[in-house]
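> Got a predicted model here, sequence first, then my questions.
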Amino acid sequence: MRVAVVGAGVAGLGVACALGDAADVTLFERSDRPGGRAASRTADDCVYDTGANYVKSDDDRVSRLLRDELGDGLAAVEGDVWTFDADGEISEGRGDDAPKWTYREGLATLGDRLLDESGATLEADVPAETLRRGDAAWHVEDPTGRRWGPWNALVLTPPAPTTASLLDGADWQSAVRRDLREHVGHVPYRPLLSVALHYPFEVERPYYALVNDDKDHDVGWLGREDCKPGHVPDDESLLVVQMAPDWSAEHYDRADDDVAAAVADRAADLLSDDALAAPDWFDVVRWRDALPNDGADPETLRRAEDDDLWFAGDWVAGEGRVHSALRSGLDAGERIRATRSADR
Ligand SMILES: Cc1cc2nc3c(=O)[nH]c(=O)nc-3n(C[C@H](O)[C@H](O)[C@H](O)COP(=O)(O)OP(=O)(O)OC[C@H]3O[C@@H](n4cnc5c(N)ncnc54)[C@H](O)[C@@H]3O)c2cc1C
């Protein structure tokens with residue numbers, strides 16, 4: 001069986017892992033590396049997670065996979081998550097201190113580990129542009145016009161807005177295509193600006209991160225990368241500040257300098273330390289489709305399976321979480337495997 005997966009985030013990689021030797025899997029990835037929103041960067045001896053902050057132990061299967069197969073370099077985040085409200089009032093704990101993991105070399109390592117584990121082929125820097133269905137097989141066309149395939153099954157894993165536009169432009173004569181495209185196109189995503197702020201001195205606090213629990217502050221999340229083993233040298237600090245969706249949408253297209261200055265001011269306010277308004281370097285990362293506000297209806301998505309088309313991702317799982325997206329990919333891979341074995 002030959003399977004094409006569009007998107008090498010954790011969902012697409014989960015599909016490939018679950019299929020394993022049962023299929024010849026090719027992952028088409030628009031960017032130059034696997035991992036998707038489980039993303040990290042490095043600068044000046046620092047490593048920082050720019051998308052997901054960590055993966056949580058909320059799914060037994062994913063936790064086992066992480067510990068047993070993907071554990072090399074896995075690191076537990078030290079410290080708890082505290083909360084703050086619209087006035088910046090900080091309170092201890094949020095009753096949710098389950099283990100949280102990243103990798104010493106950044107959460108993007110998860111993508112590399114999953115790819116190795118799957119044995120799949122990664123076609124990096126190859127965006128899927130047009131999907132074609134004919135003679136009971138799928139083809140994928142890239143922007144150069146190259147046609148890849150044929151594939152017995154196709155799995156779409158980009159965020160719902162991108163998946164909807166792929167369905168929109170697909171050459172696929174099917175009664176379900178329009179309904180699917182409409183449905184997937186209505187799964188809402190929120191944007192997010194994630195800003196790394198570096199300081200050449202330590203910022204000591206009794207928590208790992210702060211989350212805004214009344215959703216009424218410009219800052220949504222402030223995390224200390226120093227609490228992740230191997231991420232920040234001693235005597236330095238690196239804050240990752242994720243701005244609230246409304247603030248992110250309003251400031252999305254502003255210059256990096258302006259965004260970083262505004263974000264550093266808010267971090268200084270929140271942590272009551274004027275020195276934090278002047279980081280010695282910063283990095284602004286923009287996520288247009290950062291987190292889904294809702295999920296798709298599984299029954300509607302399954303109507304495509306008669307034509308060997310499958311879906312996985314956080315929007316299929318119904319929450320913007322690494323473990324849920326990975327689980328959604330593993331589930332899709334297993335269903336493809338089971339369907340194909342039953343067909344033979
Ligand atoms: C700022 C931020 C903070 C977050 N914090 C957390 C957190 O702390 N904990 C947590 O569990 N989760 C967190 N999340 C959510 C988590 O990162 C996602 O839910 C999860 O990584 C989604 O995985 P996915 O595989 O479904 O999608 P993605 O990771 O988006 O993967 C989809 C892939 O498809 C590729 N792609 C898109 N279009 C095409 C195309 N046409 N052709 C080929 N490839 C294409 C993309 O480049 C991408 O690699 C956060 C997300 C963001 C953005």
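Nice, thanks for sending it over.
> how about the closest residue to residue 183 other than its chain neighbours, what does it touch?
Excluding the flanking residues, the one nearest residue 183 by C-beta to C-beta, 6 or more residues apart in numbering is residue 300, at 4.9 Å. Backbone N, C-alpha and C define where each C-beta goes, glycine included. Counting by C-beta atoms under 8 Å, 6 or more residues apart in numbering, residue 300 makes contact with 179-180, 183.
> So which of those residues sit within strands?
The strands, defined by DSSP state E, take in nothing from these.
> As a markdown table, those residues with distance to residue 305 would be great.
Compiled in a markdown table, the contacts of residue 300 are given as follows (distance: C-beta to C-beta, whole Å):
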| residue | distance to residue 305 |
| --- | --- |
| 179 | 14 |
| 180 | 11 |
| 183 | 15 |
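> Now that we have these, which of them are buried?
Among the contacts of residue 300, those that count as buried by neighbour count (16 or more other C-beta atoms under 10 Å) are 180, 183.
> Throw the contacts of residue 300 into CSV and include pLDDT and distance to the ligand, thanks.
Listed next are these as CSV, based on pLDDT from 0 to 100; distance: C-beta to the nearest ligand atom, whole Å:
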residue, pLDDT, distance to the ligand
179, 93, 21
180, 96, 16
183, 97, 17
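> ok, the contacts of residue 300 vs residue 191, which is closest?
residue 183 (21.6 Å; C-beta to C-beta).
> what residues does the chain put near the ligand?
Residues of the chain found near the ligand (C-beta under 6 Å from any ligand atom) are 6-12, 28-31, 36-38, 51-56, 127-128, 157-159, 162, 192, 194, 242, 287, 290-291, 313-314, 320-323, 325.
> List the buried residues of stretch 11-29.
11-19, 22-23, 25-29.
> Give me the subset of the residues you listed lying in helices.
Among those, the members falling in helices (DSSP state H) are 11-19.
> Redo these as CSV? Include pLDDT and distance to residue 229.
CSV is the format used below for those (pLDDT from 0 to 100; distance: C-beta to C-beta, whole Å):
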residue, pLDDT, distance to residue 229
11, 98, 27
12, 98, 28
13, 98, 24
14, 98, 25
15, 98, 30
16, 98, 28
17, 97, 25
18, 97, 30
19, 97, 33
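> Could you point out which of those residues is nearest to the ligand?
Minimum distance to the ligand across those is 3.3 Å, recorded for residue 11 (C-beta to the nearest ligand atom).
> Quick check: that closest one touching residue 326?
Yes - assessed by C-beta atoms under 8 Å, residue 11 is found in contact with residue 326 at 6.6 Å.
> Mind pulling the model confidence for the residue nearest to the spatial centre of the chain?
Against the mean C-alpha coordinate of the chain, by C-alpha atoms, centre = their mean, the closest residue is residue 37 at 2.8 Å. At residue 37, the pLDDT value in this model is 98.
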